[in-house]
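Asker: Any chance you could fold what I've pasted below:
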Amino acid sequence: MTARNAEESRQTEVPSQAEQHQRFRIDLGYVGTNFHGWALQPHLRTVQGELETALVRILNTPVRVTVAGRTDAGVHARRQVVHVDIAQGDFPRLVGQPRARGEQRTPAQGLKSRLRGVLAYQDAGDIVIHDVAAVHSDFDARFSALWRSYTYRLADPQAFNDPLTAAFTVAHRMDLDVAAMSAAAQQACGLRDFLPFCKPREGSTTIRTLEELRVARDGNGVIEFFLRADAFCHHMVRALVGGLVKVGEGKWAPDGLVGMCEEARRGRSEFPMFVFPAHGLVLEDVGYPEPGEWAVRNQQTRARRDAE
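Answerer: Next comes the predicted model:
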């Protein structure tokens with residue numbers, strides 16, 4: 001199930017009356033330009049900070065959200081997913097008074113409406129709430145995810161660089177060979193050690209399954225990089241783009257990316273890394289299994305992280 005299937009979750013997951021808390025899935029998007037990334041940081045504006053501030057205004061109690069994947073400063077999201085647990089005793093704050101003809105909003109509908117209103121009040125129009133759904137507690141925005149997908153936009157001199165899309169398109173001065181980059185991208189897919197294209201965190205693995213990596217020009221000639229993987233290491237997407245650009249410039253051979261991954265597998269630990277600017281990157285979507293498979297997926301993901 002992708003981020004576009006939140007409505008299915010609402011239909012299949014009904015809150016139990018015995019539960020003290022209800023879990024909600026929130027699908028949202030944001031323009032990352034004026035944010036210092038997703039995660040909370042003291043005295044800095046972040047997406048998590050704005051969202052949790054809005055939830056506190058609505059519920060009058062501290063809350064924490066869990067996100068599918070944190071984004072860096074300047075990175076955008078077309079579809080991001082979080083979950084939050086809300087006490088059933090706070091439902092009256094969500095549903096409000098009965099509507100005309102006795103109609104009553106569900107807590108999910110109320111949370112969606114209230115979030116949109118409070119974010120507007122906070123002057124946070126760069127965050128958009130797509131949907132809210134009541135889900136079973138097995139759902140975990142982070143650990144239930146099967147994959148994340150990203151796009152990166154780059155305009156070389158051959159492209160029409162539309163000023164209206166400049167906020168999420170990176171300009172590049174040299175002409176790039178898209179055919180060579182596409183060949184390199186196809187070779188890079190699969191289970192590999194992506195250490196040459198990661199900023200590794202202590203105790204974490206750099207082995208990832210890159211399910212899809214495509215490079216093509218759009219109708220305006222802008223080069224779009226599409227990537228999908230079970231998970232990405234820190235800076236991995238932007239560093240892979242940097243490596244592909246080296247291929248497009250003729251400075252690296254098309255098999256250069258794969259060769260570096262093989263060297264990492266054999267024990268090499270130092271590599272040149274070219275991390276491209278954040279504003280060209282967009283988190284496009286997050287994929288999930290069917291509701292009955294959430295618990296199993298959680299166990300699989302947690303076991304893999306523990307093994308790291």
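
Asker: who's residue 28 bridged to?
Answerer: Under DSSP bridges, the beta-bridge partners of residue 28 are residue 80, residue 129.

Asker: Looks like it contacts residue 82 (just checking).
Answerer: Yes. Using C-beta atoms under 8 Å, residue 28 is in contact with residue 82, at 7.1 Å. Where C-beta positions appear, they are placed from N, C-alpha and C, glycine not excepted.

Asker: Chain neighbours aside, what residue packs nearest to residue 155?
Answerer: Leaving aside its sequence neighbours, residue 155 sits nearest to residue 161 (C-beta to C-beta, 6 or more residues apart in numbering; 4.0 Å).

Asker: who touches both of residue 28 and residue 82?
Answerer: Common contacts of residue 28 and residue 82, defined by C-beta atoms under 8 Å, 6 or more residues apart in numbering, comprise residue 51.

Asker: any low-confidence regions in the stretch 51-200 of the chain?
Answerer: Scanning the stretch 51-200 of the chain with the threshold set as pLDDT under 70 gives 97-102.

Asker: just the helices in it please.
Answerer: 91-95, 107-121, 178-188 (DSSP state H, counting those that start in this stretch).

Asker: got TSV for those, with distance to residue 67 and mean neighbour count too?
Answerer: Shown next, in TSV, are the helices of the stretch 51-200 of the chain (distance: least, C-beta to C-beta, whole Å; neighbours: other C-beta atoms under 10 Å):
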stretch	distance to residue 67	mean neighbour count
helix 91-95	21	17
helix 107-121	15	19
helix 178-188	27	19
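
Asker: Quick one: closest of those helices to residue 70.
Answerer: Taking C-beta to C-beta, helix 107-121 is the member of the helices of the stretch 51-200 of the chain nearest to residue 70, at 19.4 Å.

Asker: List the contacts of that closest one.
Answerer: Applying C-beta under 8 Å, 6+ apart, the external contacts of helix 107-121 come out as 10, 15, 22, 24, 26, 50-51, 54-55, 57-58, 86, 91, 93-96, 105, 125, 127, 129, 131-134.

Asker: Restricting to C-alpha, output that helix in PDB.
Answerer: Output in PDB follows, covering the C-alpha atoms of helix 107-121 (Å, rounded to 0.1, in the frame of the first residue of the first chain):
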ATOM      1  CA  PRO A 107     -11.900  11.600  14.800                       C
ATOM      2  CA  ALA A 108      -9.800  11.200  11.700                       C
ATOM      3  CA  GLN A 109     -11.900  13.700   9.700                       C
ATOM      4  CA  GLY A 110     -11.700  16.100  12.700                       C
ATOM      5  CA  LEU A 111      -8.000  15.700  13.000                       C
ATOM      6  CA  LYS A 112      -7.500  16.400   9.300                       C
ATOM      7  CA  SER A 113      -9.600  19.500   9.400                       C
ATOM      8  CA  ARG A 114      -8.100  20.800  12.600                       C
ATOM      9  CA  LEU A 115      -4.500  20.300  11.500                       C
ATOM     10  CA  ARG A 116      -5.100  22.200   8.300                       C
ATOM     11  CA  GLY A 117      -6.700  25.100  10.200                       C
ATOM     12  CA  VAL A 118      -4.000  25.300  12.900                       C
ATOM     13  CA  LEU A 119      -1.100  25.000  10.400                       C
ATOM     14  CA  ALA A 120      -2.700  27.900   8.500                       C
ATOM     15  CA  TYR A 121      -2.900  29.800  11.800                       C
END
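
Asker: how far does it sit from the chain's center?
Answerer: With C-alpha atoms, centre = their mean, to the nearest Å as the basis, helix 107-121 stands 22 Å off its chain's centre.

Asker: again with stretch 289-299
Answerer: Worked out by C-alpha atoms, centre = their mean, stretch 289-299 lies 19 Å from the chain centre.

Asker: now for that stretch, what's the gap between its first and last residues?
Answerer: 13 Å (C-alpha to C-alpha, to the nearest Å).

Asker: One more: stretch 196-212?
Answerer: Stretch 196-212: ends 18 Å apart by C-alpha to C-alpha.
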